[in-house]
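Peer 1: The following comprises the amino acid sequence and a computationally predicted model.
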Amino acid sequence: MEFSSVKGFRDFYPEDMVVRNLIADAWRRVSLRNGFVEYEGPMLEYLDLFRVKSGDEIVSQLFSLTDRGGRELAIRPEQTPTLARMVNARINALPRPIKWFSIPWVCRAENPQRGRGREFFQWNVDVIGSDAALADAECIFTLADLLAELGLAPSEAQVFLSSRSLITAALSAVGVETSRHAALLPILDKRDKVPAEAFEEMCAKEGLAAGQIASISAFQDAATLEEAAARLGPSDTVAAECAKLAEVMGILDRMGAGDYCRLDLHVVRGLAYYTGVVYEAFDTDRSLRALAGGGRYDNLLETLGGPTLGATGFGMGDIVLGILLAERGKLPSTAESCDCYVIDAAESLFDAALGVVAELRRAGLRTNLSYKRQNLGKQLKAAARSGAAVAVIVGEELTEAGEVTIKTLATGDQRRVRRADLVAELKR
Ligand code: HAM
(Lines give C-alpha, C1' and ligand atoms only; values in the text may rest on other atoms or scores of the structure.)
Protein backbone atom coordinates (compact mmCIF):
# COMPACT_ATOMS: atom_id res chain seq x y z
CA MET A 1 0.00 0.00 0.00
CA GLU A 2 1.39 3.37 -0.99
CA PHE A 3 0.59 6.61 0.75
CA SER A 4 0.67 10.06 -0.76
CA SER A 5 0.39 13.40 1.03
CA VAL A 6 -3.08 14.89 1.48
CA LYS A 7 -4.21 16.96 -1.51
CA GLY A 8 -3.13 20.58 -1.14
CA PHE A 9 -0.74 19.83 1.76
CA ARG A 10 2.99 20.07 1.17
CA ASP A 11 5.99 17.95 2.03
CA PHE A 12 9.04 20.05 2.81
CA TYR A 13 12.21 18.24 1.75
CA PRO A 14 15.47 19.85 2.95
CA GLU A 15 15.79 21.90 -0.26
CA ASP A 16 12.22 23.17 0.29
CA MET A 17 13.07 24.10 3.87
CA VAL A 18 15.86 26.33 2.56
CA VAL A 19 13.25 28.39 0.69
CA ARG A 20 10.75 28.33 3.53
CA ASN A 21 13.35 29.49 6.03
CA LEU A 22 14.73 32.15 3.70
CA ILE A 23 11.22 33.61 3.44
CA ALA A 24 10.38 33.29 7.15
CA ASP A 25 13.75 34.78 8.18
CA ALA A 26 13.17 37.79 5.88
CA TRP A 27 9.62 38.23 7.24
CA ARG A 28 10.91 38.24 10.81
CA ARG A 29 13.92 40.50 10.10
CA VAL A 30 11.82 43.08 8.22
CA SER A 31 9.05 43.05 10.88
CA LEU A 32 11.50 43.67 13.70
CA ARG A 33 13.32 46.50 11.95
CA ASN A 34 9.99 48.19 11.26
CA GLY A 35 9.19 48.13 14.97
CA PHE A 36 6.76 45.18 15.15
CA VAL A 37 6.90 42.52 17.88
CA GLU A 38 6.00 38.87 17.42
CA TYR A 39 2.95 37.03 18.79
CA GLU A 40 1.33 33.69 18.03
CA GLY A 41 -2.17 32.30 18.48
CA PRO A 42 -3.62 28.79 18.57
CA MET A 43 -4.14 26.63 15.52
CA LEU A 44 -7.73 25.77 16.54
CA GLU A 45 -10.40 28.35 17.30
CA TYR A 46 -14.13 28.12 17.91
CA LEU A 47 -15.81 28.09 14.52
CA ASP A 48 -18.02 31.02 15.56
CA LEU A 49 -14.99 33.34 15.60
CA PHE A 50 -14.82 33.12 11.81
CA ARG A 51 -18.51 32.74 11.04
CA VAL A 52 -19.82 36.24 10.71
CA LYS A 53 -16.62 38.22 10.87
CA SER A 54 -14.67 37.12 7.83
CA GLY A 55 -17.44 36.69 5.27
CA ASP A 56 -19.03 33.74 3.48
CA GLU A 57 -16.16 32.97 1.17
CA ILE A 58 -13.63 32.16 3.85
CA VAL A 59 -16.16 30.31 6.01
CA SER A 60 -16.95 28.00 3.09
CA GLN A 61 -13.21 27.25 2.90
CA LEU A 62 -12.78 26.26 6.53
CA PHE A 63 -11.53 22.93 7.80
CA SER A 64 -13.84 22.39 10.77
CA LEU A 65 -14.38 19.61 13.24
CA THR A 66 -16.49 18.80 16.26
CA ASP A 67 -14.57 17.82 19.39
CA ARG A 68 -15.67 15.09 21.81
CA GLY A 69 -17.55 17.65 23.85
CA GLY A 70 -19.62 18.58 20.79
CA ARG A 71 -17.88 21.95 20.31
CA GLU A 72 -17.54 23.20 16.75
CA LEU A 73 -13.91 24.08 16.04
CA ALA A 74 -12.02 25.37 13.01
CA ILE A 75 -8.39 25.20 11.93
CA ARG A 76 -7.56 28.88 11.47
CA PRO A 77 -7.96 30.01 7.84
CA GLU A 78 -6.42 33.39 8.74
CA GLN A 79 -5.00 35.11 11.79
CA THR A 80 -6.90 38.42 11.95
CA PRO A 81 -9.90 37.25 14.07
CA THR A 82 -7.46 35.55 16.48
CA LEU A 83 -5.44 38.77 16.72
CA ALA A 84 -8.60 40.77 17.45
CA ARG A 85 -9.68 38.22 20.09
CA MET A 86 -6.25 38.28 21.78
CA VAL A 87 -6.04 42.07 21.80
CA ASN A 88 -9.59 42.36 23.15
CA ALA A 89 -8.68 40.03 26.03
CA ARG A 90 -5.90 42.39 27.22
CA ILE A 91 -7.24 45.63 25.89
CA ASN A 92 -6.50 47.72 28.98
CA ALA A 93 -3.02 46.34 29.58
CA LEU A 94 -1.55 46.79 26.11
CA PRO A 95 0.24 50.07 25.31
CA ARG A 96 -0.98 51.53 22.02
CA PRO A 97 -0.44 51.54 19.16
CA ILE A 98 -0.09 47.77 19.21
CA LYS A 99 2.35 46.80 16.45
CA TRP A 100 2.36 43.01 16.19
CA PHE A 101 3.46 40.47 13.61
CA SER A 102 3.01 36.73 13.36
CA ILE A 103 3.85 33.88 10.98
CA PRO A 104 1.02 31.38 11.51
CA TRP A 105 0.47 28.18 9.57
CA VAL A 106 -3.09 28.44 8.24
CA CYS A 107 -5.40 26.08 6.33
CA ARG A 108 -8.12 26.76 3.78
CA ALA A 109 -10.14 24.04 2.02
CA GLU A 110 -9.71 25.76 -1.34
CA ASN A 111 -9.31 24.06 -4.66
CA PRO A 112 -5.52 23.68 -4.93
CA GLN A 113 -4.04 25.40 -7.99
CA ARG A 114 -0.86 27.24 -8.91
CA GLY A 115 -0.12 29.58 -6.03
CA ARG A 116 -2.98 28.27 -3.89
CA GLY A 117 -2.68 25.40 -1.45
CA ARG A 118 -4.81 24.09 1.39
CA GLU A 119 -2.16 25.11 3.88
CA PHE A 120 0.37 27.90 3.82
CA PHE A 121 2.43 30.12 6.04
CA GLN A 122 1.07 33.63 6.26
CA TRP A 123 3.04 36.63 7.46
CA ASN A 124 0.67 38.96 9.32
CA VAL A 125 1.61 42.55 10.12
CA ASP A 126 -0.93 44.69 12.00
CA VAL A 127 -1.25 47.97 13.86
CA ILE A 128 -4.11 48.23 16.36
CA GLY A 129 -5.18 51.31 18.25
CA SER A 130 -4.62 54.01 15.66
CA ASP A 131 -6.83 55.75 13.12
CA ALA A 132 -3.84 57.56 11.63
CA ALA A 133 -2.97 57.29 7.96
CA LEU A 134 0.58 56.74 9.21
CA ALA A 135 -0.47 53.36 10.65
CA ASP A 136 -1.68 52.18 7.21
CA ALA A 137 1.42 53.64 5.59
CA GLU A 138 3.72 51.85 8.07
CA CYS A 139 2.18 48.48 7.20
CA ILE A 140 2.47 49.15 3.46
CA PHE A 141 6.03 50.44 3.92
CA THR A 142 6.87 47.18 5.74
CA LEU A 143 5.42 45.19 2.83
CA ALA A 144 7.49 47.18 0.32
CA ASP A 145 10.55 46.79 2.58
CA LEU A 146 10.10 43.00 2.42
CA LEU A 147 9.92 43.02 -1.38
CA ALA A 148 13.14 45.01 -1.51
CA GLU A 149 14.78 42.79 1.13
CA LEU A 150 14.19 39.73 -1.04
CA GLY A 151 15.62 41.47 -4.09
CA LEU A 152 12.30 42.18 -5.83
CA ALA A 153 12.49 45.59 -7.51
CA PRO A 154 9.44 47.84 -8.14
CA SER A 155 9.60 46.61 -11.75
CA GLU A 156 8.96 43.08 -10.43
CA ALA A 157 6.37 43.51 -7.66
CA GLN A 158 3.96 46.27 -6.73
CA VAL A 159 1.40 47.15 -4.07
CA PHE A 160 -1.94 48.22 -5.59
CA LEU A 161 -3.81 50.62 -3.32
CA SER A 162 -7.50 51.33 -3.03
CA SER A 163 -10.10 52.13 -0.38
CA ARG A 164 -13.27 50.29 0.63
CA SER A 165 -14.75 53.43 2.13
CA LEU A 166 -14.00 55.32 -1.10
CA ILE A 167 -15.71 52.57 -3.10
CA THR A 168 -18.81 52.63 -0.88
CA ALA A 169 -18.83 56.44 -1.16
CA ALA A 170 -18.71 55.98 -4.93
CA LEU A 171 -21.63 53.53 -4.79
CA SER A 172 -23.64 56.12 -2.84
CA ALA A 173 -22.60 58.81 -5.33
CA VAL A 174 -24.09 56.77 -8.18
CA GLY A 175 -27.28 56.31 -6.20
CA VAL A 176 -26.91 52.84 -4.64
CA GLU A 177 -28.51 52.64 -1.18
CA THR A 178 -26.20 51.80 1.73
CA SER A 179 -28.16 48.62 2.50
CA ARG A 180 -27.00 47.15 -0.82
CA HIS A 181 -23.28 47.93 -0.42
CA ALA A 182 -22.35 44.78 1.53
CA ALA A 183 -23.75 42.53 -1.19
CA LEU A 184 -22.14 44.54 -3.99
CA LEU A 185 -18.57 44.67 -2.61
CA PRO A 186 -17.82 40.95 -3.22
CA ILE A 187 -19.14 41.41 -6.77
CA LEU A 188 -16.90 44.42 -7.44
CA ASP A 189 -14.03 42.37 -5.96
CA LYS A 190 -14.65 39.74 -8.66
CA ARG A 191 -14.79 42.19 -11.54
CA ASP A 192 -11.29 41.36 -12.80
CA LYS A 193 -11.74 37.63 -12.26
CA VAL A 194 -14.92 37.03 -14.34
CA PRO A 195 -16.00 37.93 -17.92
CA ALA A 196 -17.60 41.40 -18.30
CA GLU A 197 -21.08 39.97 -19.05
CA ALA A 198 -20.99 37.80 -15.92
CA PHE A 199 -19.97 40.83 -13.85
CA GLU A 200 -22.79 42.97 -15.30
CA GLU A 201 -25.27 40.18 -14.70
CA MET A 202 -24.25 39.87 -11.05
CA CYS A 203 -24.57 43.66 -10.59
CA ALA A 204 -27.97 43.68 -12.31
CA LYS A 205 -29.15 40.90 -10.01
CA GLU A 206 -28.30 43.14 -7.07
CA GLY A 207 -30.47 45.85 -8.58
CA LEU A 208 -27.88 48.03 -10.30
CA ALA A 209 -29.07 49.80 -13.46
CA ALA A 210 -26.87 49.75 -16.58
CA GLY A 211 -25.91 53.42 -16.06
CA GLN A 212 -24.84 52.75 -12.48
CA ILE A 213 -22.71 49.78 -13.56
CA ALA A 214 -21.04 51.94 -16.22
CA SER A 215 -20.38 54.79 -13.75
CA ILE A 216 -18.93 52.60 -11.04
CA SER A 217 -16.77 50.78 -13.62
CA ALA A 218 -15.49 54.10 -15.02
CA PHE A 219 -14.68 55.20 -11.47
CA GLN A 220 -12.72 51.97 -10.80
CA ASP A 221 -10.83 52.30 -14.10
CA ALA A 222 -9.52 55.80 -13.31
CA ALA A 223 -5.75 56.18 -13.19
CA THR A 224 -5.70 58.93 -10.55
CA LEU A 225 -7.84 59.90 -7.58
CA GLU A 226 -8.71 63.23 -9.24
CA GLU A 227 -9.95 61.43 -12.31
CA ALA A 228 -11.91 58.91 -10.21
CA ALA A 229 -13.64 61.70 -8.27
CA ALA A 230 -14.34 63.67 -11.45
CA ARG A 231 -16.05 60.66 -13.04
CA LEU A 232 -18.56 60.55 -10.17
CA GLY A 233 -19.49 64.22 -10.01
CA PRO A 234 -19.35 66.36 -6.86
CA SER A 235 -19.60 64.50 -3.52
CA ASP A 236 -18.14 65.60 -0.16
CA THR A 237 -17.82 62.00 1.05
CA VAL A 238 -15.96 60.95 -2.07
CA ALA A 239 -13.64 63.96 -1.70
CA ALA A 240 -12.98 63.14 1.97
CA GLU A 241 -12.23 59.48 1.20
CA CYS A 242 -9.94 60.46 -1.68
CA ALA A 243 -8.05 62.76 0.70
CA LYS A 244 -7.54 59.91 3.20
CA LEU A 245 -6.12 57.58 0.55
CA ALA A 246 -3.98 60.40 -0.87
CA GLU A 247 -2.56 61.00 2.61
CA VAL A 248 -1.42 57.36 2.90
CA MET A 249 0.12 57.49 -0.57
CA GLY A 250 1.83 60.79 0.24
CA ILE A 251 3.49 59.33 3.36
CA LEU A 252 4.71 56.34 1.34
CA ASP A 253 6.19 58.72 -1.23
CA ARG A 254 7.98 60.69 1.47
CA MET A 255 9.34 57.46 2.99
CA GLY A 256 10.79 56.53 -0.38
CA ALA A 257 8.44 53.59 -1.01
CA GLY A 258 6.35 55.36 -3.66
CA ASP A 259 7.96 53.33 -6.45
CA TYR A 260 6.40 50.17 -5.05
CA CYS A 261 2.90 51.66 -4.77
CA ARG A 262 0.23 52.35 -7.35
CA LEU A 263 -3.43 53.36 -7.23
CA ASP A 264 -5.84 50.64 -8.37
CA LEU A 265 -9.50 51.07 -7.48
CA HIS A 266 -10.24 47.56 -8.75
CA VAL A 267 -8.89 46.30 -5.42
CA VAL A 268 -11.88 45.73 -3.12
CA ARG A 269 -10.72 42.66 -1.08
CA GLY A 270 -12.81 39.56 -0.45
CA LEU A 271 -12.96 39.56 3.35
CA ALA A 272 -16.00 41.23 4.88
CA TYR A 273 -14.34 43.15 7.70
CA TYR A 274 -12.38 45.80 5.75
CA THR A 275 -13.55 49.37 6.25
CA GLY A 276 -10.99 51.77 4.75
CA VAL A 277 -7.74 51.74 2.80
CA VAL A 278 -7.22 48.31 1.18
CA TYR A 279 -4.38 46.96 -0.95
CA GLU A 280 -2.99 43.90 -2.66
CA ALA A 281 0.53 43.15 -3.82
CA PHE A 282 1.13 41.38 -7.14
CA ASP A 283 4.00 40.54 -9.43
CA THR A 284 4.11 43.47 -11.83
CA ASP A 285 3.09 41.37 -14.86
CA ARG A 286 0.13 40.08 -12.87
CA SER A 287 0.87 36.59 -14.08
CA LEU A 288 0.52 35.15 -10.56
CA ARG A 289 -2.13 35.36 -7.85
CA ALA A 290 -1.88 37.99 -5.11
CA LEU A 291 1.34 38.04 -3.08
CA ALA A 292 -0.31 39.84 -0.18
CA GLY A 293 -3.48 41.62 0.80
CA GLY A 294 -4.73 43.77 3.61
CA GLY A 295 -6.28 46.99 4.74
CA ARG A 296 -8.06 48.81 7.52
CA TYR A 297 -10.64 46.92 9.62
CA ASP A 298 -11.90 49.41 12.19
CA ASN A 299 -14.96 47.43 13.35
CA LEU A 300 -13.61 43.93 13.88
CA LEU A 301 -12.56 44.31 17.52
CA GLU A 302 -15.94 45.75 18.38
CA THR A 303 -17.77 42.98 16.50
CA LEU A 304 -15.84 40.49 18.62
CA GLY A 305 -16.96 42.13 21.86
CA GLY A 306 -14.17 44.70 22.30
CA PRO A 307 -13.99 48.48 22.03
CA THR A 308 -14.17 50.52 18.84
CA LEU A 309 -10.53 50.68 17.89
CA GLY A 310 -8.76 51.50 14.66
CA ALA A 311 -6.93 48.52 13.15
CA THR A 312 -5.01 47.96 9.95
CA GLY A 313 -2.66 45.34 8.51
CA PHE A 314 -1.99 42.71 5.87
CA GLY A 315 -1.23 39.06 5.27
CA MET A 316 1.30 37.58 2.84
CA GLY A 317 1.49 33.86 2.03
CA ASP A 318 4.65 31.91 1.32
CA ILE A 319 3.46 30.07 -1.80
CA VAL A 320 3.09 32.81 -4.44
CA LEU A 321 6.13 34.61 -3.03
CA GLY A 322 8.19 31.41 -3.36
CA ILE A 323 7.06 30.98 -6.99
CA LEU A 324 7.96 34.58 -7.86
CA LEU A 325 11.38 34.37 -6.17
CA ALA A 326 12.13 31.15 -8.07
CA GLU A 327 10.99 32.64 -11.39
CA ARG A 328 13.15 35.69 -10.84
CA GLY A 329 16.22 33.67 -9.85
CA LYS A 330 16.30 35.11 -6.33
CA LEU A 331 16.68 31.78 -4.54
CA PRO A 332 19.95 30.05 -3.61
CA SER A 333 20.77 27.35 -6.19
CA THR A 334 21.55 24.54 -3.77
CA ALA A 335 21.09 23.71 -0.15
CA GLU A 336 24.51 23.90 1.50
CA SER A 337 24.52 21.18 4.07
CA CYS A 338 27.79 21.39 5.95
CA ASP A 339 31.09 23.26 6.24
CA CYS A 340 33.59 20.49 6.98
CA TYR A 341 33.89 16.75 6.51
CA VAL A 342 36.34 15.01 8.81
CA ILE A 343 38.24 12.00 7.46
CA ASP A 344 40.36 9.43 9.31
CA ALA A 345 43.16 8.28 7.01
CA ALA A 346 43.51 5.03 9.00
CA GLU A 347 41.20 3.28 11.46
CA SER A 348 43.77 3.78 14.25
CA LEU A 349 43.14 7.55 13.86
CA PHE A 350 39.36 7.29 14.26
CA ASP A 351 39.35 8.41 17.91
CA ALA A 352 41.49 11.42 17.05
CA ALA A 353 39.07 12.21 14.18
CA LEU A 354 36.11 12.01 16.59
CA GLY A 355 37.87 14.54 18.80
CA VAL A 356 38.29 16.87 15.82
CA VAL A 357 34.59 16.48 14.87
CA ALA A 358 33.49 17.37 18.39
CA GLU A 359 35.76 20.41 18.56
CA LEU A 360 34.66 21.77 15.17
CA ARG A 361 30.99 21.35 16.09
CA ARG A 362 31.52 23.14 19.42
CA ALA A 363 33.14 25.96 17.45
CA GLY A 364 29.91 26.27 15.40
CA LEU A 365 31.21 24.70 12.19
CA ARG A 366 28.68 22.36 10.53
CA THR A 367 30.64 19.12 10.51
CA ASN A 368 30.00 15.61 9.19
CA LEU A 369 31.93 12.33 9.01
CA SER A 370 31.51 8.89 7.53
CA TYR A 371 29.66 6.25 9.60
CA LYS A 372 31.77 3.53 7.97
CA ARG A 373 35.53 3.14 8.44
CA GLN A 374 36.55 3.29 4.81
CA ASN A 375 39.67 4.06 2.81
CA LEU A 376 40.66 7.68 2.17
CA GLY A 377 39.37 7.71 -1.43
CA LYS A 378 35.87 6.61 -0.46
CA GLN A 379 35.70 9.13 2.38
CA LEU A 380 36.83 11.92 0.03
CA LYS A 381 34.01 10.99 -2.36
CA ALA A 382 31.53 11.06 0.53
CA ALA A 383 32.95 14.46 1.53
CA ALA A 384 32.33 15.80 -1.99
CA ARG A 385 28.74 14.45 -1.96
CA SER A 386 28.10 16.06 1.43
CA GLY A 387 28.47 19.54 -0.05
CA ALA A 388 31.17 20.47 2.46
CA ALA A 389 33.61 23.21 1.45
CA VAL A 390 36.61 21.47 3.02
CA ALA A 391 37.71 18.05 4.19
CA VAL A 392 39.87 17.79 7.30
CA ILE A 393 42.11 14.74 6.98
CA VAL A 394 43.41 13.26 10.20
CA GLY A 395 46.45 11.25 9.06
CA GLU A 396 49.84 10.03 10.31
CA GLU A 397 51.10 13.63 10.34
CA LEU A 398 49.06 14.04 13.52
CA THR A 399 51.18 11.54 15.44
CA GLU A 400 54.38 12.62 13.69
CA ALA A 401 54.10 16.41 13.77
CA GLY A 402 50.84 17.31 15.55
CA GLU A 403 49.35 18.44 12.25
CA VAL A 404 46.22 17.73 10.17
CA THR A 405 45.46 18.41 6.48
CA ILE A 406 42.82 20.82 5.18
CA LYS A 407 41.69 19.99 1.63
CA THR A 408 39.58 22.53 -0.29
CA LEU A 409 37.15 20.26 -2.12
CA ALA A 410 36.36 22.57 -5.03
CA THR A 411 40.00 23.01 -6.09
CA GLY A 412 41.73 19.98 -4.57
CA ASP A 413 44.32 22.28 -2.93
CA GLN A 414 45.59 21.02 0.39
CA ARG A 415 47.76 22.33 3.20
CA ARG A 416 48.91 21.13 6.60
CA VAL A 417 48.10 23.08 9.75
CA ARG A 418 48.85 22.57 13.41
CA ARG A 419 46.07 20.58 15.06
CA ALA A 420 45.89 23.26 17.75
CA ASP A 421 45.28 25.96 15.12
CA LEU A 422 42.65 24.01 13.14
CA VAL A 423 39.54 25.91 14.27
CA ALA A 424 41.18 29.30 13.80
CA GLU A 425 42.46 28.27 10.35
CA LEU A 426 39.02 27.02 9.24
CA LYS A 427 37.28 30.12 10.48
CA ARG A 428 39.73 32.21 8.50
P1 HAM B 1 -6.17 37.16 2.34
O2 HAM B 1 -6.21 38.06 1.17
O3 HAM B 1 -7.23 36.15 2.47
O4 HAM B 1 -6.13 38.10 3.63
O5 HAM B 1 -4.77 36.44 2.35
C6 HAM B 1 -3.57 37.18 2.31
C7 HAM B 1 -2.52 36.43 1.51
O8 HAM B 1 -2.41 35.08 1.97
C9 HAM B 1 -2.84 36.26 0.03
O10 HAM B 1 -2.50 37.41 -0.69
C11 HAM B 1 -1.95 35.08 -0.32
O12 HAM B 1 -0.58 35.46 -0.42
C13 HAM B 1 -2.08 34.22 0.90
N14 HAM B 1 -3.11 33.19 0.69
C15 HAM B 1 -4.43 33.27 0.92
N16 HAM B 1 -5.04 32.10 0.62
C17 HAM B 1 -4.08 31.27 0.18
C18 HAM B 1 -4.03 29.90 -0.26
N19 HAM B 1 -5.11 29.14 -0.30
N20 HAM B 1 -2.84 29.38 -0.63
C21 HAM B 1 -1.72 30.13 -0.57
N22 HAM B 1 -1.67 31.39 -0.14
C23 HAM B 1 -2.83 31.96 0.23
C24 HAM B 1 -6.14 37.66 4.92
O25 HAM B 1 -6.00 36.50 5.23
C26 HAM B 1 -6.23 38.77 5.95
N27 HAM B 1 -6.50 38.15 7.26
C28 HAM B 1 -4.95 39.57 5.95
C29 HAM B 1 -4.95 40.69 6.94
C30 HAM B 1 -4.16 40.81 8.04
N31 HAM B 1 -5.74 41.73 6.91
C32 HAM B 1 -5.47 42.52 7.93
N33 HAM B 1 -4.51 41.95 8.63
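Peer 2: That came through fine. Numbering: from 1, shown residues only.
Peer 1: show me where pLDDT drops low in the protein?
Peer 2: 52, 334-336 (pLDDT under 70).
Peer 1: Phi first, then psi, for the spatially most central residue of it.
Peer 2: Geometric centre of the chain, nearest residue: residue 316, 3.3 Å, by CA atoms, centre = their mean. In terms of degrees, to the nearest 10, the main-chain angles of residue 316 are phi -130, psi 130.
Peer 1: Next: residue 58.
Peer 2: Torsion angles at residue 58 (phi, psi; degrees, to the nearest 10) stand at phi -70, psi -30.
Peer 1: Next, the contact list for it, please.
Peer 2: Counting by CB atoms under 8 Å, 6 or more residues apart in numbering, residue 58 makes contact with 50, 77-78, 108, 270-271. C-betas here are computed from N, CA, C, even on glycine.
Peer 1: which of these come close to the ligand?
Peer 2: The subset of those within reach of the ligand, counting by CB under 6 Å from any ligand atom, consists of 78, 108, 271.
Peer 1: Quick one: those residues as TSV, columns for distance to residue 377 too.
Peer 2: Formatted as TSV, the entries for the ones next to the ligand among the contacts of residue 58 read as follows, by distance: CB to CB, whole Å:
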residue	distance to residue 377
78	56
108	53
271	61
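Peer 1: what bridges to the residue nearest to the centre of the chain?
Peer 2: Applying DSSP bridges to residue 316 yields these beta-bridge partners: residue 123, residue 292.
Peer 1: Partner strands of whichever strand or helix holds residue 278, with direction?
Peer 2: Secondary structure here is read from DSSP states H and E; on that basis residue 278 sits in strand 277-283. Next to strand 277-283 in the sheet, as set by DSSP bridges, lie strand 157-163 (antiparallel), strand 292-296 (antiparallel).
Peer 1: How far does the longest one sit from its chain's centre?
Peer 2: Spelled out, it's strand 157-163. Its chain's average C-alpha position is 16 Å from that of strand 157-163, according to CA atoms, centre = their mean, to the nearest Å.
Peer 1: Would you mind listing the outside residues contacting whichever helix or strand comes after that strand?
Peer 2: Using DSSP H and E, the next helix or strand after strand 157-163 towards the C-terminus is helix 164-173. Residues outside helix 164-173 that contact it (CB under 8 Å, 6+ apart) are 178, 180-181, 184-185, 188, 216, 219-220, 228, 232-233, 235, 237-238, 240-242, 244-245, 265, 268-269, 274-278, 295-296.
Peer 1: What about those, which are in strands?
Peer 2: Secondary-structure check on these using DSSP state E: residues within strands are 277-278, 295-296.
Peer 1: Pull up the residues of the stretch 151-300 of the chain that are close to the ligand.
Peer 2: That would be 271, 290-294, 297, which are the residues of the stretch 151-300 of the chain within reach of the ligand (CB under 6 Å from any ligand atom).
Peer 1: can you list those in a markdown table and add neighbour count?
Peer 2: Shown next, in a markdown table, are those (neighbours: other CB atoms under 10 Å):
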| residue | neighbour count |
| --- | --- |
| 271 | 23 |
| 290 | 20 |
| 291 | 24 |
| 292 | 23 |
| 293 | 22 |
| 294 | 27 |
| 297 | 28 |
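Peer 1: Just flag the most distant two among the residues you listed.
Peer 2: In these, two members sit farther apart than any others by CB to CB. They are 291 and 297, at 19.6 Å.
Peer 1: picking that back up, inside strands: which ones of the contacts of residue 58?
Peer 2: For those, secondary structure assignment (DSSP E) places none in strands.
Peer 1: Among those, which pair sits farthest apart?
Peer 2: The most widely separated members of the contacts of residue 58, counting by CB to CB, are 50 and 270 (13.6 Å).
Peer 1: Run a quick neighbour tally on residue 123.
Peer 2: Residues near residue 123, counting by other CB atoms under 10 Å, number 26.
Peer 1: And residue 307, by the same measure?
Peer 2: Neighbours around residue 307, by other CB under 10 Å: 11.
Peer 1: OK, contacts around it?
Peer 2: If you count contacts by CB under 8 Å, 6+ apart, then residue 307 has 88, 91, 301 around it.
Peer 1: Okay, and which of those residues map to helices?
Peer 2: 88, 301 (DSSP state H).
Peer 1: will you turn the contacts of residue 307 into JSON lines that also has neighbour count and distance to the ligand?
Peer 2: Below are the contacts of residue 307 laid out as JSON lines (neighbours: other CB atoms under 10 Å; distance: CB to the nearest ligand atom, whole Å):
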{"residue": "88", "neighbour count": "17", "distance to the ligand": "15"}
{"residue": "91", "neighbour count": "16", "distance to the ligand": "18"}
{"residue": "301", "neighbour count": "23", "distance to the ligand": "12"}
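Peer 1: Let's have the contacts of residue 307 in a markdown table, adding distance to residue 4.
Peer 2: Conversion of the contacts of residue 307 to a markdown table gives the following (distance: CB to CB, whole Å):
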| residue | distance to residue 4 |
| --- | --- |
| 88 | 41 |
| 91 | 46 |
| 301 | 42 |
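Peer 1: Which one's more surrounded, residue 50 and residue 270?
Peer 2: Between residue 50 and residue 270, counted using other CB under 10 Å, residue 50 has the larger neighbour count: 22 against 16.
Peer 1: hang on, that one packs against residue 81?
Peer 2: Yes - the pair residue 50 / residue 81 is scored as a contact, 5.8 Å apart, by CB atoms under 8 Å.
Peer 1: so what are the domain limits for this structure?
Peer 2: Residue ranges for the structural domains of the chain, counted by automatic domain parsing, are given in the record as 14-327, 340-427.
Peer 1: Can you tell me which of these is packed in deepest?
Peer 2: domain 14-327 (a mean of 18; mean count of other CB atoms under 10 Å).
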